[in-house]
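1. Provide a 3D model corresponding to the input given below.
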Amino acid sequence: MSATFENLTLKRIFIFWLPLAATWLMMAAEGPIISAIIARLAEPKINLAAYWVAYAFALIIEAPVIMMLSASTALVRSNQSFKKLRTFTYALSAGITIFQLILLIPAFYDFLTLDLMNLDKEVAHLTYYALIILIPWPGAIGYRRFYQGILIRNNSTRKVAYGTLIRLFSMVTTALVLYKLGINGTWVGAAALSIAVTMEAIASRIMAHSTLKKISSIAPKPEDEILTHKTIFKFYYPLALTSLIGLAVHPLVTFFLGQSRFALESLAVMSVINSLVFIFRSLGLSYLETAITFLGDKFENYKQVRKFGIILAACLLTGLALIAYTPFAHIWFSVISGLSEELAKFCLMPTRILTIMPVLTVILSIQRAILVNGKHTSPVTYATIIEVGGILSILIISIHFFNAIGAIAAAGSLVLGRLMANGFLILKVKKVLKSSVSK
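-> Have a look, this model is predicted:
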């Protein structure tokens, strides 16, 4: 699945990973920028809450195509495999867009947000129109992740970073223009995201042109498995299910925050907290494709991949802790994010609880890479089910039995749920590594 790299050094891993890290970091910057703009517009508490809800919905809608990046990195080796996976990607993207349109049927939407989630009516109203603005989002995500995976496999990670730079520039430009026009904050955020990801998708396809010309002349090798839609589905559905279950966390957390103590405050600050933590988590998430690329078909580079991961995890833990536990927290939440003093203080405890999350993300990226390389993707799904189940259980107990503050309950459940997933995968990963040695 991955190529063999002799005498792999940490420097070589770093050079390959850096453009991917920059890509994820630029994506992570979107959240703080948009939250800061919304916080400076009218009715920031309501609009931050609505933006968080809309973003949570958008994430779960796009979930089935999230792992297309890993799939195209792993599977596109010839013109035949490219065409099969491209058809699969287009069909999947169309399907989730149709699902989003169904979600927007007013009667269904009202039942979901007002009756089940118990959202404030104004929050639900703002979220509805934000989701209309975000209709291009899931299809564009699937399209660009497919072509980005091809670029990564062909050692063109810089082009992926360039695409994300275009996305960030488009997002900031759109947000600032709409901010100047005084548009509602929730809709500013949704429009900025929608336009930005569409521009990135177009840029990714253009930059992949020369790579696709090379692929068009490549026939499958005798040892390669000929891809069919059936084999793609068998490989991909555990990954898609993993993303779907994993990203379901955001609507689940939103659902319970709406029923918790200090519900509106919790909904408002979670978008800001999540944006900060995601900056550090994104660098761990970006390590997944790097690990897939460098592990080797028989995991001969596992020790080097693990060593780089340990260094990365230590750096991320230190960086987030320096913000969460020092006066930098005030600078981030009050000065940069533009929150009121009340909401800035409300952010402190949940952020401190979540400080360990980037470390757990690096561990999970390495674990997933090993399982994907070993073509054992089903444990990834089971681990995600365990994680989401743990989060759900802890939220129910902490909010309904202990009347915990919503944001604190959410932060604690996210950490404990991820620990459960990491723990479950330890034995699965050891089994795959052991079997590769015995072959």
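2. please make it C-alpha for all contacts and neighbour counts, starting now.
-> Noted.
3. in this protein, where's the longest helix?
-> helix 406-438 (DSSP state H).
4. shaky segments in the stretch 201-350 of the chain?
-> Low-confidence regions of the stretch 201-350 of the chain, defined by pLDDT under 70, span residues 220-225.
5. could I get the full set of strands for it?
-> With DSSP state E, counting those that start in this stretch as the criterion, the stretch 201-350 of the chain has no strands.
6. now the helices for it?
-> Under the criterion DSSP state H, counting those that start in this stretch, the stretch 201-350 of the chain contains helices at 209-215, 229-247, 249-257, 263-285, 287-294, 302-324, 328-330, 341-353.
7. give the buried residues for the second one.
-> Residues of helix 229-247 classed as buried: 232, 235-247 (neighbour count, 16 or more other C-alpha atoms under 10 Å).
8. show me what contacts the closest residue to residue 286 other than its chain neighbours?
-> Excluding the flanking residues, the one nearest residue 286 by C-alpha to C-alpha, 6 or more residues apart in numbering is residue 21, at 5.3 Å. Going by C-alpha atoms under 8 Å, 6 or more residues apart in numbering, residue 21 touches 282-283, 286-287.
9. can I get those residues in a markdown table with neighbour count and distance to residue 317?
-> Converted to a markdown table, the contacts of residue 21 look like this (neighbours: other C-alpha atoms under 10 Å; distance: C-alpha to C-alpha, whole Å):
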| residue | neighbour count | distance to residue 317 |
| --- | --- | --- |
| 282 | 24 | 13 |
| 283 | 25 | 11 |
| 286 | 22 | 16 |
| 287 | 30 | 15 |
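10. now do the longest helix of the chain, average pLDDT.
-> Taken as a whole, helix 406-438 has an average pLDDT of 90.
11. could you list the low-confidence segments of the stretch 1-150 of the chain?
-> Counting by pLDDT under 70, the stretch 1-150 of the chain has low-confidence residues at 1-6.
12. mind redoing it with 50?
-> Along the stretch 1-150 of the chain, segments meeting pLDDT under 50 span 1-4.
13. and the helices in it?
-> Using DSSP H, counting those that start in this stretch, the helices of the stretch 1-150 of the chain run over residues 10-39, 44-66, 68-75, 79-103, 106-110, 121-133, 137-153.
14. mind listing what the residue nearest to residue 138 when sequence neighbours are not counted touches?
-> Spatial nearest neighbour of residue 138, excluding adjacent residues (C-alpha to C-alpha, 6+ apart): residue 62 at 4.7 Å. By C-alpha under 8 Å, 6+ apart, the contact list for residue 62 reads 96, 137-139, 141-142.
15. now those: which count as buried?
-> Buried among the contacts of residue 62 (16+ other C-alpha under 10 Å): 96, 137-139, 141-142.
16. same list (those) but as a markdown table, adding distance to residue 294.
-> Shown next, in a markdown table, are the buried ones among the contacts of residue 62 (distance: C-alpha to C-alpha, whole Å):
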| residue | distance to residue 294 |
| --- | --- |
| 96 | 32 |
| 137 | 31 |
| 138 | 29 |
| 139 | 30 |
| 141 | 25 |
| 142 | 24 |
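17. quick one: which of those is nearest to residue 68?
-> residue 142 (6.7 Å; C-alpha to C-alpha).
18. quick revisit: closest to residue 337 among the buried residues of helix 229-247?
-> Closest to residue 337, out of all of the buried residues of helix 229-247 and judged by C-alpha to C-alpha, is residue 247, at 24.4 Å.
19. count of neighbours near the residue nearest to that closest one when sequence neighbours are not counted?
-> Spatial nearest neighbour of residue 247, excluding adjacent residues (C-alpha to C-alpha, 6+ apart): residue 60 at 5.1 Å. If you count neighbours by other C-alpha atoms under 10 Å, residue 60 ends up with 21.
20. use 31 as the first number from now on
-> Yes, from this point I'll number from 31; that puts the last item at residue 90.
21. do you know how far residue 90 is from residue 38?
-> Remark: distance between residue 90 and residue 38 (C-alpha to C-alpha, to the nearest Å) = 37 Å.
22. what of residue 341?
-> From residue 341 to residue 38 the distance is 16 Å (C-alpha to C-alpha).
23. neighbour count: these two, which is higher?
-> Ranked by neighbour count (other C-alpha under 10 Å), residue 341 and residue 38 place residue 38 first, with 15 against 10.
24. looks like that one contacts residue 330 (just checking).
-> No: between residue 38 and residue 330 there is no contact under C-alpha atoms under 8 Å: 9.7 Å.
25. what sits against residue 264?
-> Residues in contact with residue 264 (C-alpha under 8 Å, 6+ apart): none are found.
26. now the one 5 residues further on
-> Neighbouring residues of residue 269 by C-alpha under 8 Å, 6+ apart: 97, 407-408, 410-411.
27. may I see those residues organised as JSON lines, with secondary structure added?
-> Formatted as JSON lines, those follow (DSSP: H, G, I helix; E, B strand; the rest coil):
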{"residue": "97", "secondary structure": "coil"}
{"residue": "407", "secondary structure": "coil"}
{"residue": "408", "secondary structure": "helix"}
{"residue": "410", "secondary structure": "helix"}
{"residue": "411", "secondary structure": "helix"}
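28. pick out the lowest-pLDDT one from those residues.
-> Confidence by pLDDT is poorest for residue 407 among these, given 77.
29. and that residue, how far from residue 285?
-> From residue 407 to residue 285 the distance is 29 Å (C-alpha to C-alpha).
30. please apply the same query to residue 261.
-> Using C-alpha to C-alpha, residue 261 is found at 36 Å from residue 285.
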